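Asks: how would this look folded up:
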Amino acid sequence: MFAVNPLQAARYRERYAVSGAKSDSADAHVLADMVRTDPHQLRAVAADSAPVEALKVVARAHKTLIWERTRHVQRLRHALREYFPAALEAFDDLASSDTLELLGKAPDPVPAAQLSLNQIRAALTRARRRDVDAKATRVQAVLRAEHLRRDTTIDTTTQPRHEHRSACSSPCANRSPH
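Replies: Next up is the predicted model:
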């Protein structure tokens with residue numbers, strides 16, 4: 001790979017092109033001719049070392065992970081806006097460990113309203129939050145406040161059913177409900 005000064009490329013183009021017209025394809029041919037015929041006039045660019053290449057890979061992976069996390073947080077925010085808006089009001093950072101822990105324990109409005117102060121405090125403490133008591137009280141108050149909710153019929157039909165199968169040996173007892 002060679003570094004080409006734009007002024008150097010312009011002079012080379014003037015030397016071999018009659019009309020002086022510029023185009024991408026003509027410039028590509030000029031640059032290719034420069035490298036082919038006058039490589040001694042050009043400065044070669046040093047290739048990156050192995051540690052630099054490794055750092056590029058790590059930086060690219062880090063950037064991709066940040067984009068993925070952002071995409072997942074936006075999806076979570078969208079789902080909570082439709083189903084559990086109190087969670088958006090209660091939790092400042094949806095990607096924080098305390099928020100994810102509490103949403104894991106109580107993913108629905110009803111169990112969230114039943115979270116105790118001790119459960120909320122414990123999650124905030126594990127996440128090394130400051131002013132744990134005040135934040136726990138605020139989160140519990142928001143989760144227990146009256147919010148718009150879906151009809152309970154919708155909630156019960158969208159939750160997975162836990163069916164108990166009998167110990168009967170007949171073929172109908174072992175059949176899948178779907």
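
Asks: how far does the host helix or strand of Ile66 sit from the chain's center?
Replies: Using DSSP states H and E, the element containing Ile66 is helix 50-83. With Cα atoms, centre = their mean, to the nearest Å as the basis, helix 50-83 stands 4 Å off its chain's centre.

Asks: where along the protein do the helices fall?
Replies: Using DSSP state H, the helices of the chain run over residues 6-16, 24-37, 50-83, 85-90, 97-105, 109-113, 117-126, 132-144, 152-158.

Asks: which residues does the second one contact?
Replies: Residues outside helix 24-37 that contact it (Cβ atoms under 8 Å, 6 or more residues apart in numbering): 2, 4, 8-9, 12-13, 16-17, 41-42. Heads up, the C-betas are built off the backbone N, CA and C, glycines and all.

Asks: report the buried members of those residues.
Replies: Buried members of the contacts of helix 24-37, counted by 16 or more other Cβ atoms under 10 Å: 4, 12-13, 42.

Asks: which elements pack onto the helix holding Ile66?
Replies: helix 85-90 (3 or more Cβ pairs under 8 Å, 6 or more residues apart in numbering; DSSP states H and E).

Asks: just checking, what packs against the helix it packs on?
Replies: By 3+ Cβ pairs under 8 Å, 6+ apart, helix 85-90 packs against helix 50-83, helix 109-113, helix 132-144.

Asks: still on that earlier bit, hmm, which two among the buried ones among the contacts of helix 24-37 are most spread apart?
Replies: Greatest spacing in these, by Cβ to Cβ: Arg13 and Leu42 (14.8 Å).

Asks: still on that earlier bit, tell me the buried residues in the helix holding Ile66?
Replies: 76, 80, 83.

Asks: could you give the angle of it to helix 97-105?
Replies: Orientation of helix 50-83 against helix 97-105 (axes from the mean of the first three to the mean of the last three Cα atoms, to 10 degrees) gives an angle of 50 degrees.

Asks: what is the rounded mean pLDDT of helix 50-83?
Replies: Mean per-residue pLDDT for helix 50-83: 93.

Asks: I'd guessed Arg43 sits against Ala3; true?
Replies: Yes: the criterion here is Cβ atoms under 8 Å, and Arg43 meets it with Ala3 at 5.0 Å.

Asks: where does Gln8 land on pLDDT?
Replies: pLDDT recorded at Gln8 is 82.

Asks: contact partners for it?
Replies: Gln8 sits next to 34, 41 when contact means Cβ under 8 Å, 6+ apart.

Asks: distance-wise, check it relative to Val30.
Replies: From Gln8 across to Val30, the span is 11 Å (Cβ to Cβ, to the nearest Å).

Asks: now do Gly104
Replies: Using Cβ to Cβ, Gly104 is found at 62 Å from Val30.

Asks: right, I'll call it a day here.
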